[in-house]
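Trainee: prediction below, plus the sequence it came from.
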Amino acid sequence: MVRANGAVSLRELARVVQTSEVTVRRDVRALEAEGLLDRRHGGAVLPGGFTRESGFPQKSHLATAEKTAIADLAAGFVEEGEAVVVGAGTTTQELARRLARIPGLTVVTNSLLVAQALAHANRVEVVMTGGTLRGSNYALVGSGAEQSLQGLRVSRAFLSGSGLTAERGLSTSNMLSASVDRALVQAAAEVVVLADHSKLGTDTMFQTVPTDVITRLVTDEPPPNDERAATELQALADQGVQIAVAGPEQPVGGENGPPAAARGRHPRHGGERRRGDESVPLPGQRRTPQAAASAMRAAAALPEQGRVADLAPRRR
């Protein structure tokens with residue numbers, strides 16, 4: 001109700017706001033149905049994700065639980081004494097915090113955030129690239145960064161990005177970042193991509209890692225209704241990418257625990273837990289996207305930190 005002095009009651013204002021939210025959601029669903037935008041958690045973007053890259057403050061608050069689970073699983077692929085490269089990103093920053101516990105590592109990075117996470121790590125050597133500081137994600141880019149990587153050889157590279165599709169691989173919205181990521185990839189024997197499910201099926205401007213170069217994808221469990229992510233995971237598996245799906249860590253053992261043959265000891269923390277067998281080559285029969293999603297949901301119930309997803313390359 002509008003009073004005589006022009007003021008609006010709080011009840012009326014709340015009703016107007018609620019009506020507006022309903023209208024906006026309805027309009028967003030209609031635009032998505034017409035293919036004019038893609039809905040995301042907390043908002044919407046143009047189709048295909050060809051948008052301006054978000055800065056670090058925005059990214060650091062997105063999918064925090066998923067990034068933590070992905071980083072926990074990815075750190076399990078690194079052994080003492082290895083030399084690895086770690087690219088820029090909020091997910092790789094989470095990984096770096098866990099790599100700080102692994103003695104004897106040499107970590108090459110162009111990310112100030114990754115270097116900061118490892119700065120006080122015991123027996124971890126950090127090698128920074130040269131280059132020009134890109135303030136939006138605290139990364140060193142440009143010819144200086146790329147030249148400092150020439151002649152380098154490490155066991156594996158851990159990279160993140162803005163989008164991942166089976167057709168183009170990993171991509172990002174910034175040309176300079178893409179160029180440095182390509183140089184990081186050339187220095188590694190294996191490439192591990194860290195991407196939460198919201199990035200699956202998203203394609204951005206600049207390709208960084210083609211699909212046939214990606215050794216492994218570490219991701220999180222897609223929601224049951226996210227058919228796009230399930231379809232993209234199956235397509236990536238079809239092209240030979242090993243899929244490791246991160247889940248919440250649960251203790252193994254006790255009266256109802258799995259047999260001893262199913263248990264594995266984490267190489268650093270000493271406690272017993274199950275984890276994915278990174279050597280599994282994903283053989284099997286053809287799966288539909290719905291069946292793949294169902295299989296992943298069923299596997300999520302297993303008492304393990306992470307696993308190679310039950311996705312099989314389709315028979316040609």
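Mentor: Now that the structure is in, tell me what you want to look at. Numbers count the residues shown, from 1 in each chain.
Trainee: now the residue nearest to Ala188 when sequence neighbours are not counted, what are its backbone angles?
Mentor: Nearest non-adjacent residue to Ala188, counting by C-beta to C-beta, 6 or more residues apart in numbering: Ala157, 3.6 Å away. Bear in mind the C-beta positions are built from the backbone N, C-alpha and C, glycine included. Phi and psi for Ala157, reported as degrees, to the nearest 10, are phi -120, psi 140.
Trainee: now swap in Asn225 and tell me
Mentor: phi -90, psi 10.
Trainee: now swap in Asn122 and tell me
Mentor: The phi/psi pair for Asn122 (degrees, to the nearest 10) is phi -80, psi 130.
Trainee: can I assume it is in contact with Gly104?
Mentor: No: in this structure Asn122 lies outside contact range of Gly104 using C-beta atoms under 8 Å: 10.0 Å.
Trainee: ok, those two, which is more surrounded?
Mentor: Counted by other C-beta atoms under 10 Å, Asn122 and Gly104 do not tie: Gly104 has more neighbours, with 12 against 8.
Trainee: for the nearest residue to the more buried one once chain neighbours are set aside, give me its contacts.
Mentor: Closest residue to Gly104 apart from its sequence neighbours, by C-beta to C-beta, 6+ apart: Gly81 at 3.9 Å. Listed by C-beta atoms under 8 Å, 6 or more residues apart in numbering, the contact set of Gly81 reads 103-105.
Trainee: can you redo those residues as TSV, where the extra columns are pLDDT, distance to Gln207 and secondary structure?
Mentor: TSV is the format used below for those (pLDDT from 0 to 100; distance: C-beta to C-beta, whole Å; DSSP: H, G, I helix; E, B strand; the rest coil):
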residue	pLDDT	distance to Gln207	secondary structure
Pro103	93	36	coil
Gly104	95	34	coil
Leu105	96	29	coil
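Trainee: can you lay out those residues as a markdown table showing distance to Asn137?
Mentor: Listed next are the contacts of Gly81 as a markdown table, based on distance: C-beta to C-beta, whole Å:
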| residue | distance to Asn137 |
| --- | --- |
| Pro103 | 28 |
| Gly104 | 28 |
| Leu105 | 23 |
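Trainee: now do the helices in the protein.
Mentor: Assigned by DSSP state H, the chain shows helices spanning 10-33, 56-59, 64-75, 90-99, 112-118, 143-148, 175-186, 227-238, 289-299.
Trainee: which stretches of the stretch 101-250 of the chain have low pLDDT?
Mentor: 248-250 (pLDDT under 70).
Trainee: mind listing what's buried in stretch 107-117?
Mentor: Buried positions in stretch 107-117, judged by neighbour count with 16 or more other C-beta atoms under 10 Å: 107-115, 117.
Trainee: which of those residues lies closest to Thr208?
Mentor: Nearest to Thr208 among the buried residues of stretch 107-117 is Asn110, at 12.7 Å by C-beta to C-beta.
Trainee: re earlier: what about the residue nearest to Ala188, how many residues close to it?
Mentor: Residues near Ala157, counting by other C-beta under 10 Å, number 25.
Trainee: how far away is it from Val191?
Mentor: As judged by C-beta to C-beta, to the nearest Å, Ala157 and Val191 stand 5 Å apart.
Trainee: mutual contacts of the two, please.
Mentor: Applying C-beta under 8 Å, 6+ apart, one finds that Ala157 and Val191 are jointly contacted by Val185.
Trainee: so the residue nearest to Ala188 touches Glu190, yeah?
Mentor: Yes: Ala157 lies in contact with Glu190 (C-beta under 8 Å); the separation is 7.3 Å.
Trainee: pairing partners for the closest residue to Thr215 other than its chain neighbours in the sheet, please.
Mentor: Of all residues not flanking Thr215 in the chain, Glu190 sits nearest, at 4.2 Å (C-beta to C-beta, 6+ apart). Beta bridges link Glu190 to Arg156 when assigned by DSSP bridges.
Trainee: got a list of what Glu190 touches?
Mentor: Glu190 makes contact with 155-157, 215-216, according to C-beta under 8 Å, 6+ apart.
Trainee: burial of Gln234, as a residue count?
Mentor: Using other C-beta under 10 Å, Gln234 has 23 other residues around it.
Trainee: thank you, goodbye.
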